[in-house]
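Enquirer: Everything below, folded, please.
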Amino acid sequence: MNAKSAQAKKARSRNIAASAGEVELDMPKLQRNTLNEEVYQQLKQALMSGRIAPGSTMTIRSLAASFGISPMPVREALRRLVAEHVLVLLPNRSVSLPVITRERFREITRIRTSLEGLAAEEATAVISLDEIRLMAKINEEMETEDAAKSVDYLVKNREFHFCLYRNCGMPTLLMIIESLWLQIGPLLTIQQLKYAGSGLAVQTHHRRALKALKKRDAKETRDAFVSDIEDAAKVIAASL
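Expert: The predicted model follows:
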């Protein structure tokens, strides 16, 4: 096939695709967008797991170096987090995770108990037995010796909660809860340090919630999660 024939065939293929309503995919752009989302999700997980301390500042260059990537995906991820009021843009173009006052923390805690209690209650009837078993496994890992000293402790705690919340069937509610965790996640290390120092391992409220879930007792599940949030908040508020 000569060059002219090949070009004609390619043109016919494009016309057929257009007539069928298909669009040619720009794979490099898709890969870039995927990377943008991955960086955004990684930063969110770091925030919710307390791996970024309140008052910390970050630059695009330093984060890009940490990820081993170009600055563009990092810039986009930070822009989204600033727009969501999680991070604050500083005059020198770096970003900061603001320090939360005791008053603001108490406000967020009151909102969390209402919204997360609702999510827990709504999810109780529909969460699968496999997911309940997964929550039990996560809690067992949180109760092992020295678990509270691990950097994964808060990751497991978050997954325990959201494993249930994801079943609430209310996407908007879930989105709001996640945004609140982005704000208070950095403070959860205060509670973790107390557990690590005391050797406390038993997750009383988690165990209570698991029993309630097995019975499909929505009110008891809600009360267990609310108590879990409130007890942690008392420890954290005392240090603010």
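Enquirer: Just give the number of residues close to residue 107.
Expert: Residue 107 is flanked by 12 other residues according to other C-beta atoms under 10 Å. All C-beta atoms are positioned from the backbone trio N, CA, C, and that covers glycine.
Enquirer: What helices and strands are in contact with whichever strand or helix holds it?
Expert: Residue 107 belongs to helix 102-124 when assigned by DSSP states H and E. Here helix 102-124 touches helix 153-165, helix 171-184, helix 204-215, helix 218-237, going by 3 or more C-beta pairs under 8 Å, 6 or more residues apart in numbering; DSSP states H and E.
Enquirer: Point out the most buried one among the ones you listed.
Expert: The highest mean neighbour count among those, using mean count of other C-beta atoms under 10 Å, belongs to helix 153-165: a mean of 20.
Enquirer: Can you give the distance from that helix to the centre of its chain?
Expert: Put simply, helix 153-165 sits 9 Å off its chain's centre (C-alpha atoms, centre = their mean, to the nearest Å).
Enquirer: hmm, who's touching that helix?
Expert: Helix 153-165 is contacted from outside by 45, 48-50, 116, 119-120, 123-124, 127, 131, 134-135, 138-139, 141-142, 147, 174, 177-178, 181, 185, 188-189, 192, 195, 206, 209, 213, 221, 225, using C-beta atoms under 8 Å, 6 or more residues apart in numbering.
Enquirer: any idea how far residue 221 is from the residue sitting nearest the centre point of the chain?
Expert: With distances taken as C-alpha atoms, centre = their mean, the residue of the chain nearest its centroid is residue 45 (4.7 Å). Separation of residue 45 from residue 221 (C-beta to C-beta, to the nearest Å): 25 Å.
Enquirer: got it, and residue 192?
Expert: From residue 192 across to residue 221, the span is 24 Å (C-beta to C-beta).
Enquirer: Please apply the same query to residue 232.
Expert: Applying C-beta to C-beta, the value for residue 232 to residue 221 is 17 Å.
Enquirer: what about stretch 173-188, average pLDDT?
Expert: Mean pLDDT, stretch 173-188: 90.
Enquirer: cool, and stretch 150-161?
Expert: The average pLDDT for stretch 150-161 rounds to 90.
Enquirer: for stretch 111-128, same thing?
Expert: Stretch 111-128 shows a mean pLDDT of 98.
Enquirer: Not counting its own residues, what contacts that stretch?
Expert: With contacts defined as C-beta under 8 Å, 6+ apart, stretch 111-128 is touched by 161, 163-170, 173-174, 176-177, 180, 184, 209, 212-213, 216-219, 221-226, 229-230.
Enquirer: tell me the domain boundaries of this protein?
Expert: Annotated domains of the chain cover 27-96, 102-237 [automatic domain parsing].
Enquirer: In terms of secondary structure, what does the helix or strand where residue 72 lies contact?
Expert: Per DSSP H and E, residue 72 falls inside helix 71-83. With contacts taken as 3+ C-beta pairs under 8 Å, 6+ apart, helix 71-83 sits against helix 27-48, helix 60-67, strand 95-96.
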